[in-house]
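Participant: Any chance you could fold what I've pasted below:
(one chain, ligands or ions: 1)
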Amino acid sequence: MKGKTALITGSTDGVGRYVAERLAARGARVIVHGRDRARGEAVVERIRRQGGDARLLIADLSSLAEVRSLAEAVKRETGGVDALINNAGIGTSGTQRELSADGYELRFAVNYLAGFLLTRLLLPTLESRAASRIVNVASAGQQAIDFADVMLTRGYIGARAYRQSKLAQIMFTFDLAQELAGRNVAVNCLHPATFMDTTMVRLSGVRPISTVEEGGEAILQLVDESSLEGVSGRYFNGMRESRADPQAYDTTARRKLRALSFELVGLADPLDRRT
Ligand SMILES: NC(=O)c1ccc[n+]([C@@H]2O[C@H](COP(=O)([O-])OP(=O)(O)OC[C@H]3O[C@@H](n4cnc5c(N)ncnc54)[C@H](OP(=O)(O)O)[C@@H]3O)[C@@H](O)[C@H]2O)c1
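Facilitator: Presented below is the predicted three-dimensional model:
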């Protein structure tokens, strides 16, 4: 990772913080991202004390305007990234349906749509690098998206909101890999590990059964493992390639999600000849 720049969203805590620290130790210029300045500064300081190169960018991913500002700041302050790790997320806890600043169901907005927009905005800089990688940190917890009620206005359950957002990340990964085939950007996704000892898991009341190191190493494999050069459009369970929910392989569903996502973030689809 020497000489490379990596952005890890949600690296103020949990597995994102672990990945940021490990990438810095491998010589990467790390962009720590979070919504809490004090927690972010603490991570940056720790990396610098260990001789690493890190800077902090703040953005609340529950606002698409802040996602846009984050992408601008990345381009302005770093000239772009070689690795983008869409890791920030909210877990399954909570019984009340919540909305993002843009009025979208909160887990769909933060866990999926923010990463979709950030990726689309940073794609030109990723493509300008020799070989770059995008890693979407999804989950084995997946549930098919009901396209008649994506915003979960009926019978809201936090776990369902989480699972559909995680499957959306996987569908996005497969769709983007197809679009980028033959180009210099690889995009993969994974379930890092089951119930790691993180804030998200503790808040959901579940007893952790995996370590942050275990999930972190699975993410790092997709960011930095040389034998995976050119491997794109795959879903991993930990260190091994695996199968996702059947909806991820349904091209009609993927097309629907793609169209909806471009519409919700207000961007034109570069593959849509009508735009
Ligand atoms: N833990 C597991 O066992 C497990 C299993 C499968 C998949 N995953 C996935 O792994 C990823 C990381 O999870 P984790 O367990 O490390 O969780 P975590 O410790 O709760 O960390 C989540 C990170 O996301 C950030 N974040 C949350 N909402 C945000 C927002 N609106 N704007 C900006 N940043 C925001 C948090 O910032 P704050 O510090 O400000 O809260 C924190 O840095 C998630 O995508 C999760 O779905 C985790």
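Participant: Tell me the residues of the stretch 101-250 of the chain that contact the ligand?
Facilitator: Contacts of the stretch 101-250 of the chain with the ligand, taken as C-beta under 6 Å from any ligand atom, map to Val110, Val137, Ser139, His191, Pro192, Ala193, Phe195, Met196, Thr198, Thr199, Met200, Val201. For glycine as for every other residue, the C-beta is placed from the backbone atoms N, C-alpha and C.
Participant: Going through these, which ones are buried?
Facilitator: Among those, those that count as buried by neighbour count (16 or more other C-beta atoms under 10 Å) are Val110, Val137, Ser139, His191, Pro192, Ala193, Met196, Thr198, Met200, Val201.
Participant: Thr198 reaches Val212, doesn't it?
Facilitator: Yes. With contact defined as C-beta atoms under 8 Å, Thr198 counts as touching Val212 (6.3 Å).
Participant: Can you check which residues contact both of those two?
Facilitator: Counting by C-beta atoms under 8 Å, 6 or more residues apart in numbering, the shared contacts of Thr198 and Val212 are Gly14, Val15.
Participant: Quick check: buried residues in stretch 45-53?
Facilitator: Buried residues in stretch 45-53, counted by 16+ other C-beta under 10 Å: Arg46, Ile47, Gly52.
Participant: who touches the last one in this structure?
Facilitator: Counting by C-beta under 8 Å, 6+ apart, Gly52 touches Glu21, Ala24, Ala25, Val30.
Participant: biggest separation within those residues, which pair?
Facilitator: Greatest spatial distance in the contacts of Gly52: Ala25 and Val30, 9.6 Å, computed using C-beta to C-beta.
Participant: Those two: which is more packed in?
Facilitator: Taking neighbours as other C-beta atoms under 10 Å, Ala25 and Val30 compare with Val30 leading, 30 against 14.
Participant: ok so the more buried one is a strand residue?
Facilitator: Yes. Counting by DSSP: H, G, I helix; E, B strand; the rest coil, Val30 is part of a strand.
Participant: Show me the contact partners of the helix or strand of the chain with the lowest mean pLDDT.
Facilitator: Using mean pLDDT, DSSP states H and E, helix 199-203 stands out as the lowest-scoring helix or strand of the chain, at a mean of 93. By C-beta under 8 Å, 6+ apart, the residues outside helix 199-203 that reach it are Asp13, Gly14, Gly89, Ile90, Gly91, Ser93, Phe195, Pro208.
Participant: Among those, the buried ones, what's the ChimeraX command?
Facilitator: Burial among the contacts of helix 199-203 is assessed by 16+ other C-beta under 10 Å; the matching ChimeraX selection reads:
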select :13,14,89,90,91
